[in-house]
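Undergrad: Using only what follows, build the 3D model:
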Amino acid sequence: PYLLFIICLTGAMAPATDIGAGEKERGTLETLLISPIDRNKIVMGKFLTISFAGTMTALITVLSMVIWGLVLSQGMAIKFVADFMAQIAMVDFLLIFLMLVPVVAIFAAVLLSISIYAKSFKEAQSYMGPMTILVIVPIMLALLPGVELKGGWAWVPITNVSLAMKELVKGTMDYYQLFAIFGSTVIIAGALFAFCVYWFNQEKVLFR
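TA: A predicted model of the protein is given here:
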């Protein structure tokens, strides 16, 4: 979970900084705003760009896990890697990727909101830096003894996906919990995107 979440966040951070604060710094945001395009569509375009970058990062990372797992377990016959690959099926790798998609949407909405608020590229980077710590905290909760994918934990963002990944690797995943995981993560992503649209429509934020 450490690796996947942080890589997804980093993959979304670069485009988010550029298409918000970067446009302010270059003076191209004003040109975009006077064009005959609805502001909501502008936000959607920026949001999808950031989400695509983060999703591709997640896809490449999961695929590399699969490829290197096969190489090390079958090609080089490393026992502990072979044991790991025997415990987790290809469909589980697919589920890991699919669970990361709404998480990336959460990252994209938050990062775009920060980038819209920031006056410059450097200011946006300074605001986004602490996000790494905020992402690590819910992951750490999933690693604590006694914390399992049951009850309310299935609804806690990031922690629930971390717990699901742990259960998939152990081979003890309750697949019905996926409904709660996807549902809660999609709802939070949708709420944050709605805030991002509201934020982008505030003149005092765009031209601060």
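Undergrad: quick one, what contacts the spatially most central residue of the chain?
TA: Nearest to the mean C-alpha position of the chain, by CA atoms, centre = their mean, lies Val104 at 2.3 Å. Going by CB atoms under 8 Å, 6 or more residues apart in numbering, Val104 touches 8, 12, 51, 54-55, 58. Placement of C-beta: from N, CA and C, glycine included.
Undergrad: hmm, 10 Å instead?
TA: 5, 8-9, 11-12, 50-58, 189 (CB atoms under 10 Å, 6 or more residues apart in numbering).
Undergrad: before we move on, what about Gln125?
TA: Contact analysis of Gln125 by CB under 10 Å, 6+ apart lists 13-14, 17, 21, 114-115, 118.
Undergrad: Past the helix or strand Lys122 falls within, which element shows up next along the chain?
TA: Under the criterion of DSSP states H and E, Lys122 resides in helix 121-128. For helix 121-128, the following helix or strand on the C-terminal side (DSSP H and E) is helix 131-143.
Undergrad: Could you work out the most separated pair of the contacts of Gln125?
TA: Ala14 and Ala118 (14.2 Å; CB to CB).
Undergrad: didn't Pro15 look like it was pressed against Ala108?
TA: Yes: between Pro15 and Ala108 there is a contact at 9.0 Å, judged by CB atoms under 10 Å.
Undergrad: between these two, what contacts are shared?
TA: Contacts common to Pro15 and Ala108, judged by CB under 10 Å, 6+ apart, are 46, 49-54.
Undergrad: My read is that Leu141 contacts Leu149, right?
TA: No: with contact defined as CB under 10 Å, Leu141 does not reach Leu149; the gap is 11.9 Å.
Undergrad: now the biggest helix by length in the chain: how far from the chain's centre is it?
TA: Using DSSP state H, we find that the single longest helix of the chain is helix 39-70. Between the centre of helix 39-70 and the centre of its chain there are 8 Å (CA atoms, centre = their mean, to the nearest Å).
Undergrad: next one: stretch 12-30
TA: 19 Å.
Undergrad: List the buried residues in it.
TA: Buried residues in stretch 12-30, counting neighbours by 16 or more other CB atoms under 10 Å, are found at 12-25, 29.
Undergrad: Go through those and flag which are in strands.
TA: Within the buried residues of stretch 12-30, no residue falls in strands by DSSP state E.
Undergrad: now, which of those residues sits nearest Ser162?
TA: Using CB to CB, those come closest to Ser162 at Ala12, 17.9 Å.
Undergrad: nearest residue to that closest one other than its sequence neighbours?
TA: Closest residue to Ala12 apart from its sequence neighbours, by CB to CB, 6 or more residues apart in numbering: Gly54 at 3.5 Å.
Undergrad: Please determine how far the one you found is located from Leu143.
TA: Gly54 sits 23 Å away from Leu143, going by CB to CB, to the nearest Å.
Undergrad: can you check Lys204 too?
TA: 41 Å.
Undergrad: In the protein, what helix or strand scores lowest on average pLDDT?
TA: Lowest by mean pLDDT, DSSP states H and E among the helices and strands of the chain is helix 79-87, with a mean of 67.
Undergrad: quick one: low-confidence parts of this protein?
TA: 1-2, 73, 75-86 (pLDDT under 70).
Undergrad: what's near enough to touch Asp38?
TA: Neighbouring residues of Asp38 by CB under 10 Å, 6+ apart: Met44.
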